[in-house]
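Colleague: I would like the atomic coordinates for the input below:
(3 chains)
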Amino acid sequence: MEDFLGSLTPLLQSTIRNATPLVFAALGGLFSERSGVVNIGLEGLMLISAFAGVVGSYASGSAFVGLLTALGAGLTFALIHALMCVTFEADQIISGTAINLLALGGTGFLMVEIFGSGGTSPRVEGFQSIAIPGLSAIPLIGPALFDQSLLVYLMYLMVPIVFFVVFNTPFGLRLRGTGEVPEAVDTAGVSVTRMRYYGVAMSGLLSALGGAYLSMGILSAFTENMTQGRGFIALAALIFGRWNPIGAAGAALFFGFALAVTFQVNQEAVPIEFIQMLPYILTIVALVGFGGRAIAPAAIGKPYRKE
Amino acid sequence: MSEENRVRESEQNPAFRVALGNAAGALLFPVIAIVISFIIGAIIVFVTGDNPVSAYAALLEGAVGSPAAIGRTVLNATPLVFTGLAVAVAFRAGLFNIGGEGQFFIGAITAAWLGYSLSSLGFGAIPVVLAGCLVTGFLWGAIPGVLKAYFGAHEVITTIMLNVIAINLAYYLAQNPLRREGPIPGTETIDAAARIPLIGFGLGRANWGILIALLAAAFVYVFLWRTRRGFELRAVGLSPGAANYAGMSLGVNTMLALAIGGSLAALGGAVEILGVYGNMDVPFVANVGFNGIGVALLGRNHPVGVVLGALLFGGLASGAQQMQFATDVPLQLASVLLAVILLLVTATKLVELIVGKRARALAAGTRLERGLGA
Amino acid sequence: MAHSGAGTTGAAPVVLEMRHITKTFGENRANDDVSLRLRRGEILGMLGENGAGKSTLMKILYGLYKPNAGQIFVDGEEVEIHDPKDAVGRGIGMVHQHFTLIPPLTVAENIVLGAEPRRGLSLDLEKAVRDTEALCERYGLRVDPRARVADLSVGVQQRVEILKALYRQARILVLDEPTAVLTPQETEDLFAVLRELVADGLSIILITHKLGELLGVSDEITIIRDGRVVDTVDATKTNEGELARLMVGREVLLRVEKTATKVGEPRLVAEDLVVLSSTGTEAVRGVSLEVRAGEILGIAGVDGNGQTELVEALAGTRRAESGRVFLDGEDVTSLGANDRQERGLAYVPEDRARKGLVQDFALYENNALKTYDEPPFSRGFFIFPRVMRRRAAENLKAYDVRPADPDARASSLSGGNQQKAILARELSGDPGVIVAYQPTRGVDVGAIEYIHRRLLDQRAEGKAILLISLELEEVRSLSDRILVMYAGNMAGEVGPEATDEQLGLLMAGRGERSA
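Modeller: Got it, this is the predicted structure:
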């Protein structure tokens, strides 16, 4: 029992760390998909911003500058996705897949150009853990929840903020409307194009926070393909959470927990591969459980054309 | 009067007119995507301080400049033909198969297992292994088909999820029941006698897997345009309402299209194991399935187009090595070019800006308009 | 009603004027020098056949299309309307034929969308509900602001659309084919609401292609044909005959020559058929009917009374919950569409664009859409496109499809020619029974006559024909007997000599079963 309690705090801590990028990216995907644009490029958005953050921090010696470059890169790639899907009416699935491949190839290319070789970047200035006085002293959960980096605290705030924005503001009403019946939003005098750009741009910024946390919150360096499918897990969390911020964050936390377990648990007992499959299997089961289609925003994936 | 003229004109040589129109239309989107992609690539090379002309010259030389280069291109193209076909068949039935990556792994691990187990059969093992991979790929591909047909779960989401499941499943098998002796994780190596032979003729490591790929493409063509089931599949893909009205089963065709796609991608994994690697190491080659999406769309989901698209992608990959060697431009430029091509190849409005309104009519082979909600 | 006819409106100021509006799509002139005028407190009817250009004109007014030429004046002032926002700013509201409501959102949310009440950063939902309630009260519209739109009936959804416009202070309200989806009772309710609105000073443009409705509710009627204004008449000084003549440009609707035939054995029989709709409700509630050799049995009724489900259950594309279907005496209830087709059932669907044809298939493929798996088109696993092409070429010529090019894509044909191509496919196999659902919907007059003639030819050959149509005149001129469908049942049977009133009562579900 003592052994169990002793391992609980590190497990929780690891859960939060694994969940943080997932929560960010899932919330980002939520904005995009609620506006009617599928974003399977979350993986790529995280990867490119993880890289850009490291480059920014490397060049300036400041993690905050790194965060800004990460946000810039995430936003830029998201806007490419929006340009393709919204303005050029490209297929959203294809564009998202291309964003993933572009981020993978692009970071590989730039690693060589900037750092001279692939693999892992030099160590850079990252975000250090900041213990919140008082709260971090709570037994068991204190050190796990409240001795983390700034980005984790931002993640805590982001969940209620996103919930508020999506469900309690005029912007959120328009965003949800755009993803369901864009014609209705259009005839109400709101630009569908603009709402979708906002939605996709938000997915870039939030994914960038996730990417920055990976390369500057957990590691302080970039390694090639360091996202390792986290964008897809975030997508799964979004679906599992039924396109709801609380649900998505909850699912992301759970999947983060599953990932944490893979690093803690005795590998002989449960093979790591099966734990890594878990989020995806659960998502499929969930999709089957709620009949698949009725839950997604109705207009998702379809370009909006006036005539 | 003008209508009469039109009718008469079309009566003169309908087949030729249609073929010409189709070919011109089919090339439009890919050509625009490729050209823009190479322009962007040139800018990137220029900005990073290299000479785009010499980089592209080296790229071309590395792709087709010698028998060995051609061999490398063919070698790279072979698996992409399969994963491209896997996307194309599903697409013709109105479905997005994003699961090529996972299906490829399913085929690869099946081949690694069967190939090693049947090594004693020598050359005769090859057809058995391939058949086995067709079966496992079919079953794996049928999963999203069943989920879609009976539970309404969208195939894009489920195939994405199944990719990761398949890769993890393959890695688990490769590192546990099928693990070889030694420190490097991976399966046992298949005897040379039970592997697909090299072509020779100075083509380097290019093997006869390309022949299997071409046969698969021919099969897909005949299947889609010369069989009853193919007719149904295309009808379902173009108009579920009309197909249902005509008495065709949407569910059966949905499952079949995705299952056949699974078989094709799995066959690609098998050919890669039997022709190139001889076993599955962990990690195994990545992104063959995802690049297959680009290959299929570049080839407008037509088997001939898929083969051409695969050769282009394969050529870029092999040319990139030469380019890095000769000019210091990182070979990842090729991946960037491929990604940009994929990004642009469905951009209907962009093509419309360049060639005007008829772009919409020519977009037919690049779009599925139903969205994820429907 | 307090308000009636041109007498009171003649003096009222003009609130909207559209002058010399022209709009072309490619070579097609959708609107050609169209002018209209709307006075305050008036209901202006706009009448025209499908495709006459009514909707195009209204989309121009609402800023959805840009006209090639013409001017728009609101309250005497020339205005430019670039998008719906401009239109709303000028007090123009529109209720589209296809609602633009967001089903998962509540009524109040739908109404305030785009012009939301705020409290600080957040959306003031309570105020949205209060505002909606106030509007409902003022105009006597009964809607629960907190209800989810997805849970509302079509009639109530339409009220939400009207409320949306009123919330944006619309003074000019355009309703595009508002009655197409309504039951007769709901239509009455709607018109009562409209009268309420004009009494309050609003002005309304009511677009429809149903003559009868307009006479009861509008003050003036503008008739549009082929993109041009034919005439504007005072609703109190006209009648259906005149309106019909103006609308279609012919004195009367076509009367077809019908020869006497010998009616034979029942060939298509339904017994106590119960069929569920896609949403799981009982759409057909125990229908029995028989269609005999050499007769056309017509089914009339307002759209959405179970016709689609009945037809699909007869054709085999939808499963019947209970009851049985017989084809030439054989029980085919458990057989699918393909098997019924092989047993001589032809089926012309109501939606040629989405059901009748695969738009991106060539005509030869469409011609083989049902017989692709039978010789000579198929043997074993394989199909023979060359044979399909040859057969299609003959067929298309025989049915006067233009162009008669088997390689042409279906989508490149006009509506009339598409319908003829379907007829060519369905009738060429010499079927014994023909189910024709809205066979002339949205096709030109020439094609209508052609299709009618073909159906009568089949009747003369001793085929059994079931004709389901929303066009009363079509049912009456072709059928030997008429059943009227209402709420999933047959409300009654009448002969082709039945009056509009008799049919109308049955269609409203108020008839006694007559023989």
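
Colleague: which bits of the stretch 151-300 of chain A sit near chain C?
Modeller: A:164, A:168-170, A:172-174, A:176-177, A:180-181, A:183-190, A:298 (Cβ under 8 Å from any Cβ of the partner chain). Quick note: C-beta positions are derived from backbone N, CA and C, even for glycine.

Colleague: tell me the secondary structure for the nearest residue to B:Phe284 once chain neighbours are set aside?
Modeller: Sequence neighbours aside, B:Ala108 is the residue nearest to B:Phe284 in space, at 6.3 Å (criterion: Cβ to Cβ, 6 or more residues apart in numbering or on different chains). With DSSP: H, G, I helix; E, B strand; the rest coil as the basis, B:Ala108 sits in helix.

Colleague: what's the burial count for B:Ala108?
Modeller: Neighbour count for B:Ala108, taken as other Cβ atoms under 10 Å in any protein chain shown: 32.

Colleague: now C:Lys210
Modeller: Using other Cβ under 10 Å, the number of residues around C:Lys210 comes to 11.

Colleague: that one: what's it in contact with?
Modeller: C:Thr179 (Cβ atoms under 8 Å, 6 or more residues apart in numbering or on different chains).

Colleague: measure it to C:Arg476 for me?
Modeller: Taking Cβ to Cβ, to the nearest Å as the measure, C:Lys210 and C:Arg476 are separated by 16 Å.

Colleague: and what of C:Ala260?
Modeller: Counting by Cβ to Cβ, the gap from C:Ala260 to C:Arg476 is 17 Å.

Colleague: ok, these two, which is more surrounded?
Modeller: Using other Cβ under 10 Å, the more surrounded residue of C:Ala260 and C:Arg476 is C:Arg476, with 22 against 8.

Colleague: so that one sits against C:Ile482, correct?
Modeller: Yes. Using Cβ atoms under 8 Å, C:Arg476 makes contact with C:Ile482 at a distance of 6.9 Å.

Colleague: give me phi/psi at B:Met248?
Modeller: When read as degrees, to the nearest 10, the backbone of B:Met248 gives phi -90, psi 150.

Colleague: for it, which non-adjacent residue is spatially closest?
Modeller: B:Glu232 (4.7 Å).

Colleague: quick one, what contacts the one you found?
Modeller: B:243, B:248, B:253, C:372.

Colleague: among these, which ones are in helices?
Modeller: Among the contacts of B:Glu232, DSSP state H puts B:243, B:253 in helices.

Colleague: in a markdown table: the contacts of B:Glu232, plus neighbour count.
Modeller: Formatted as a markdown table, the contacts of B:Glu232 follow (neighbours: other Cβ atoms under 10 Å in any protein chain shown):
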| residue | neighbour count |
| --- | --- |
| B:Ala243 | 25 |
| B:Met248 | 25 |
| B:Asn253 | 24 |
| C:Tyr372 | 22 |
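
Colleague: quick check: the farthest pair among the contacts of B:Glu232?
Modeller: For the contacts of B:Glu232, the maximum inter-member distance is 13.2 Å, found between B:Asn253 and C:Tyr372 (Cβ to Cβ).

Colleague: just the strands in the stretch 301-450 of chain C please.
Modeller: In the stretch 301-450 of chain C, strands defined by DSSP state E, counting those that start in this stretch lie at C:322-327, C:330-331, C:345-348, C:378-379, C:382-383, C:433-437, listed in chain order.

Colleague: for the fifth one, the averaged confidence score.
Modeller: The average pLDDT within strand C:382-383 is 95.

Colleague: do the same with the second one
Modeller: In this model, strand C:330-331 carries a mean pLDDT of 96.

Colleague: sheet-wise, list the partners of that strand with their directions.
Modeller: When pairs are called by DSSP bridges, strand C:330-331 turns out to pair with strand C:322-327 (antiparallel).

Colleague: repeat for the third one
Modeller: Strand C:345-348 has its sheet partners listed here by DSSP bridges as strand C:433-437 (parallel).

Colleague: CA atoms only for the strand it pairs with - export them in PDB, please.
Modeller: C-alpha atoms of strand C:433-437 as PDB (Å, rounded to 0.1, in the frame of the first residue of the first chain):
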ATOM      1  CA  VAL C 433     -46.000  -2.800 -64.000                       C
ATOM      2  CA  ILE C 434     -44.800   0.800 -63.900                       C
ATOM      3  CA  VAL C 435     -44.600   2.900 -60.800                       C
ATOM      4  CA  ALA C 436     -44.100   6.500 -61.800                       C
ATOM      5  CA  TYR C 437     -43.500   9.000 -59.000                       C
END
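
Colleague: of all the residues in chain C, which ones are close to chain A?
Modeller: Counting by Cβ under 8 Å from any Cβ, chain C sits next to chain A at C:62, C:64-65, C:83-85, C:88, C:94, C:96, C:98, C:100-105, C:109-110, C:112-116, C:118, C:121-123, C:164.
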